[in-house]
Structures are given as C-alpha cells and as structure tokens.
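[1] Pasting the sequence and the predicted coordinates here, then a few questions.
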Amino acid sequence: MPADRLSSVSQVVLTATLVDVEKNLKVLKKQYAKLKAQYGNDPSKAELLESIADQIQKLRELVRQERAKARQEASQEPQNENGNSDQAEPPENQQADPQVSQQIGDEEAAKEAKILELKKQIEVLRKSKAAQKAAAEQRRQKKAAHQAQEEINRQTTEEQVRARKIQELRSMVDALKRQKAEQAAANGVAMPGLPASMSVTPKSFDRLRYGSIAGIMTIKFQDGRSKQLTSYGNGPNYGSTDIMAARYQCVELIYRYAQLFGAIQQGSLGDGRVVAQHLAEQLPNFFRYEANGVSHYNDLPQLGSVLSLNSIQGLEHDVPEGHVGIVVGAQSVGGDEYTVTLFDQNWPAGTWKIISFSRDENSRWVGRMRNSNALSGFVSVAGWANVVNW
C-alpha cells in the first residue's frame with residue numbers, strides 16, 4: 001500500500017480513537033476534581049491523588065501529541081485545485097496495513113489500560129470514604145451507648161446514696177428519741193406522746209367461751225393519756241385459722257391496734273407472718289420494718305413493736321399463715337441475749353409468749369420462740385415493725 005494511502009487510513013482510525021479517549025479523559029477530570037474536593041485535606045490520600053493527577057496529565061499530553069501528529073500528517077497531503085486532497089478515498093474492500101493496525105491497536109490498548117487504572121484508583125477512594133463514614137458512625141453509636149450507661153450508673157448511685165442517707169437519718173432520729181426519753185425519765189420530766197409503760201393482765205385461757213377476754217394491754221403515756229387493747233378468745237375453735245369458725249384471728253388484734261395510729265383497710269395486712277412488713281409499708285410515718293437478723297442493738301423490737309413469726313411445720317399440724325403479736329415487754333439478758341413478751345390473740349397457750357434473741361456467728365441478732373408442735377422445737381421470727389412515732 002502506498003505511504004500516503006496508509007497515512008489516510010491511520011488518520012481515520014486514530015481520529016475515532018482520540019475522540020473516545022478525550023471523552024473518557026473529560027469524565028476522569030471531573031471525577032478527580034470531586035475527589036480532590038473531598039480528600040484534598042487528607043494527608044493519607046495525598047500520594048494517591050497526586051498519582052491520579054500525574055496519570056491524567058500524561059494521558060492529556062498523549063492526546064495532545066496525537067492531535068498534533070494528526071494535524072501535521074494532514075498538512076502534508078497534496079491538495080488539488082479545489083483545496084481537497086488528490087488522494088482518492090480508499091476502496092471499501094481495501095484493507096489497512098497489518099503493521100499499522102497493530103500499532104494503532106497497541107496504542108489504543110495502552111490508553112484504555114490507563115483509563116481503567118484511573119477508574120480503579122477512584123473506586124478505591126470511594127470505598128475508603130465509605131469505610132471512614134461507617135467507622136465514624138460506629139464510634140458515634142458506641143459513645144452514645146457509653147454515655148447512656150454512665151447516666152444510668154449515676155442515677156443508680158444517687159438513689160443508693162439517698163436511700164442510705166434516709167436510713168441513717170431515721171436511725172439518728174430514733175436514737176435521739178430514745179435518748180431524750182431516757183433523760184426525761186431520769187429527770188422526772190413527762191414527755192408528751194411517748195409511752196411511759198405497757199402492761200398486760202395475766203392471760204386467761206378459756207376454751208369453752210367464744211369471745212371471752214384473754215387479756216388486756218394497757219399503754220400509759222407520760223402526758224397522762226392511756227390506751228387499752230383487748231385480746232379475745234375463740235372458744236372451742238381457739239387456734240383455728242378458719243376465719244368463719246374463729247373470728248378473733250391474730251391479725252384482727254393488729255387491725256385494732258393500728259387504729260391507734262391511722263386507718264388500715266381490712267384485709268390489707270395479709271397473714272400473720274407478713275403483717276409487720278405490710279404494716280410498716282402502709283403506715284411509714286409510724287412504723288419502720290426490720291427483718292430478723294439485725295446488726296444493731298437499737299434496731300431490736302421495743303415496746304409497742306408488732307412482731308411476725310414465720311410459718312410452722314408441725315408435728316401434729318402445720319401453720320402456714322404464721323403468727324403476729326405486740327411487744328409489751330423487752331429486756332436485755334446479759335450482753336448477748338434479749339427477750340420480748342408478746343401480747344397476741346388466737347394462740348392456744350396459757351401464758352403470753354416469750355421471744356428470745358441472741359447473736360449468731362456473724363454477730364447478728366436472731367430471734368426465735370420455743371414451740372412443742374414445731375419439728376425443730378422452735379419458730380423463727382420473720383421480722384418486726386418498730387414504732388417511730390406515737
């Protein structure tokens with residue numbers, strides 16, 4: 001093939017190729033501008049951006065050189081009188097030189113490879129940006145969860161501190177009341193509102209008469225006032241927990257006792273084993289509940305305390321309801337023993353019960369009562385409600 005015809009064919013192929021390359025180059029330049037705006041201040045991406053810019057510049061220079069070469073070859077073609085090339089268009093069935101086609105194909109492949117490499121680098125930057133956003137969101141969520149947990153811990157700690165302070169203040173108030181009463185008694189000064197003494201008549205145990213008086217408890221205050229409370233018997237049904245057959249249950253006595261402090265809804269105190277706890281919950285201004293096993297001597301049952309006994313697993317019969325009564329006497333026996341006398345109702349015994357407290361291996365005060373029906377020979381104390389305000 002003559003050289004001028006080969007040049008013409010090369011020019012046609014190269015022109016079409018350069019148009020596509022320039023289009024891709026424009027797209028890459030726009031994408032590079034966006035990436036530079038996003039990552040221009042990121043030192044870790046500076047080298048990658050510089051590499052992309054360098055390759056774009058090389059590709060641009062290559063396009064420029066090819067354009068210049070094409071213009072130079074076009075200017076060397078002979079012109080006819082009309083200003084057109086004398087070289088006729090190659091026939092449609094005429095094929096280009098294989099060497100020229102191979103050269104053009106190699107150049108095209110190199111350009112496409114560079115464009116593909118640029119696209120890959122741009123995709124790496126995009127993925128890196130997405131990963132940074134995901135990591136930032138994860139850090140934000142973790143920080144928010146940590147702050148929420150810290151707030152919960154802070155509120156819990158504050159609640160615990162407040163509860164502890166309230167308990168400490170109550171103990172201080174009770175101690176001051178007892179100290180004031182003891183000083184007043186020593187000086188012969190009457191303290192209005194505080195009991196001077198509590199006494200009971202000997203217990204009458206009459207199984208035959210329903211509603212018979214089992215005993216009377218008298219509370220004498222130092223301001224001259226006095227209150228009385230009567231314990232009644234259930235006749236042949238003495239000791240029964242069937243309220244239809246035995247009206248005067250142990251809890252019924254506590255309802256009448258509670259009327260001295262405030263209104264208590266009937267049926268709201270439960271069985272005898274939980275009466276002390278429920279009483280303190282319903283009348284918190286007058287009673288404070290202590291569970292069996294207190295550490296401090298001042299927290300032991302005092303005059304007027306309501307004391308609950310646990311359920312009994314018995315030799316002859318069980319008493320799952322437990323029992324409850326009112327403390328009418330309390331005294332220390334040595335340094336490690338303490339006894340209280342219980343005024344109660346609906347308990348088949350000829351005397352008022354004695355509850356003994358002693359220290360266990362952990363120096364806690366634990367109370368129990370002797371009982372011949374219990375398998376262990378004793379009934380344990382559940383807890384008591386100490387009077388904090390009369």
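    Nice, thanks for sending it over. Since this is a predicted model, take the numbers as computed values, not measurements.
[2] where exactly do the helices run in the protein?
    3-39, 46-75, 98-187, 250-258, 272-282 (DSSP state H).
[3] Let me know the angle separating the fourth one from helix 272-282.
    Using axes from the mean of the first three to the mean of the last three C-alpha atoms, to 10 degrees, the inter-axis angle of helix 250-258 relative to helix 272-282 is 20 degrees.
[4] before we move on, what about the third one?
    What separates the directions of helix 98-187 and helix 272-282 is an angle of 100 degrees, with the same axes, to 10 degrees.
[5] could you give the angle of helix 98-187 to helix 46-75?
    Going by the same axes, to 10 degrees, helix 98-187 makes 160 degrees with helix 46-75.
[6] For helix 98-187, the averaged confidence score.
    Averaging pLDDT along helix 98-187 yields 79.
[7] That one packs against which elements?
    Judged by 3 or more C-beta pairs under 8 Å, 6 or more residues apart in numbering; DSSP states H and E, the packing partners of helix 98-187 are helix 3-39, helix 46-75. Any C-beta I mention is one placed from the backbone N, CA and C, and that applies to glycine too.
[8] Equivalent analysis for the second one, please.
    Other elements packing on helix 46-75 under the criterion 3+ C-beta pairs under 8 Å, 6+ apart are helix 3-39, helix 98-187.
[9] For the ones you listed, give me a markdown table that also has mean neighbour count and distance to Ser356.
    A markdown table is the format used below for the helices and strands packed on helix 46-75 (neighbours: other C-beta atoms under 10 Å; distance: least, C-beta to C-beta, whole Å):
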| stretch | mean neighbour count | distance to Ser356 |
| --- | --- | --- |
| helix 3-39 | 15 | 83 |
| helix 98-187 | 12 | 22 |
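[10] gap between Lys220 and Leu303?
    Separation of Lys220 from Leu303 (C-beta to C-beta, to the nearest Å): 11 Å.
[11] These two: which is more packed in?
    Using other C-beta atoms under 10 Å, the more surrounded residue of Lys220 and Leu303 is Leu303, with 19 against 15.
[12] related to what we said a few turns ago, let's have the helices and strands packed on helix 46-75 in TSV, adding distance to Ile216.
    TSV is the format used below for the helices and strands packed on helix 46-75 (distance: least, C-beta to C-beta, whole Å):
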stretch	distance to Ile216
helix 3-39	93
helix 98-187	24
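[13] Ok, which of those helices comes nearest Asn362?
    Asn362 lies closest to helix 98-187 among these, at 19.6 Å (C-beta to C-beta).
[14] picking up where we left off before, will you turn the helices and strands packed on helix 98-187 into a markdown table that also has distance to Gly215 and mean pLDDT?
    Compiled in a markdown table, those are given as follows (distance: least, C-beta to C-beta, whole Å; pLDDT from 0 to 100):
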| stretch | distance to Gly215 | mean pLDDT |
| --- | --- | --- |
| helix 3-39 | 92 | 64 |
| helix 46-75 | 98 | 76 |
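[15] In this structure Val379 contacts Asn371, no?
    Yes - counting by C-beta atoms under 8 Å, Val379 touches Asn371, with 4.7 Å between them.
[16] hang on, the earlier thing: got a markdown table for the helices of the chain, with distance to Gly367 too?
    Below are the helices of the chain laid out as a markdown table (distance: least, C-beta to C-beta, whole Å):
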| stretch | distance to Gly367 |
| --- | --- |
| helix 3-39 | 77 |
| helix 46-75 | 80 |
| helix 98-187 | 19 |
| helix 250-258 | 17 |
| helix 272-282 | 12 |
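[17] do you know which of those lies nearest Ala385?
    helix 272-282 (4.3 Å).
[18] buried sites along the closest one?
    Buried residues in helix 272-282, counted by 16 or more other C-beta atoms under 10 Å: 272-280, 282.
[19] okay, those in TSV with distance to Gly350 and pLDDT next?
    Compiled in TSV, the buried residues of helix 272-282 are given as follows (distance: C-beta to C-beta, whole Å; pLDDT from 0 to 100):
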residue	distance to Gly350	pLDDT
Gly272	20	91
Arg273	23	93
Val274	27	95
Val275	24	94
Ala276	25	95
Gln277	29	95
His278	30	93
Leu279	27	91
Ala280	31	91
Gln282	33	88
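[20] Which single one of those residues is nearest to Gln167?
    Ala280 (13.2 Å).
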